[in-house]
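Peer 1: got a predicted model here, sequence first, then my questions.
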Amino acid sequence: MRSIAASLERAPSTISREIRRNGGADGYRANKADQAARQQAHRPKPCTLAQNRELARIVAQKLTLLWSPEQIAQAKLNAVARQLNERPRKTLNYETPAERFSQCVALTS
């Protein structure tokens, strides 16, 4: 097992875990293990970049400028926060039931 780990440049514990997870020493089949890994990797929803062309364009642009994924994500968060903070505010007039009742009575008089 150590020679396999060395040839794959992985820790022996990683190889051991992979074999144990996929049938053990006697039942391990690389093809079945590969199929299981692909099945587990399926995302439950489509990738955000695949759904949003504008966002994909922005990310690609930032990557060409050598931005890290962390920098891109933070810039996007900052833009969303700025957009939320700059939107027009709506205020609600809070009234107690008694105040509302008084207003209704005054209107009918």
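Peer 2: Structure received. Numbers count the residues shown, from 1 in each chain.
Peer 1: how many other residues sit next to Val59?
Peer 2: 19 (other CB atoms under 10 Å). For the C-beta atoms, the positions are set from N, CA and C on the backbone; glycine is no exception.
Peer 1: quick one: residues contacting it.
Peer 2: With contacts defined as CB atoms under 8 Å, 6 or more residues apart in numbering, Val59 is in contact with 49, 72.
Peer 1: now do the contacts for the residue positioned nearest the centre of the chain.
Peer 2: Geometric centre of the chain, nearest residue: Thr48, 8.3 Å, by CA atoms, centre = their mean. For Thr48, the contact set (CB under 8 Å, 6+ apart) comprises Leu55.
Peer 1: from Pro69, how far out is it?
Peer 2: 13 Å (CB to CB, to the nearest Å).
Peer 1: got the domain ranges for this protein?
Peer 2: 2-41, 48-86 (automatic domain parsing).
Peer 1: which of these comes out lowest on mean pLDDT?
Peer 2: Among the domains of the chain, domain 48-86 carries the lowest mean pLDDT, a mean of 85.
Peer 1: buried stuff in that one?
Peer 2: Applying a neighbour-count criterion of 16 or more other CB atoms under 10 Å, one finds 58-59, 62, 72 buried in domain 48-86.
Peer 1: hmm, back to that, want to throw the domains of the chain into CSV with distance to Cys104?
Peer 2: Formatted as CSV, those follow (distance: least, CB to CB, whole Å):
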stretch, distance to Cys104
domain 2-41, 62
domain 48-86, 36
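Peer 1: and the longest helix seen in the chain, how far from the chain's centre?
Peer 2: Using DSSP state H to assign secondary structure, the helix with the most residues in the chain is helix 69-86. Counting by CA atoms, centre = their mean, to the nearest Å, helix 69-86 is centred 15 Å from the centre of its parent chain.
Peer 1: check stretch 54-70 too.
Peer 2: Its chain's C-alpha centre and that of stretch 54-70 lie 16 Å apart, by CA atoms, centre = their mean.
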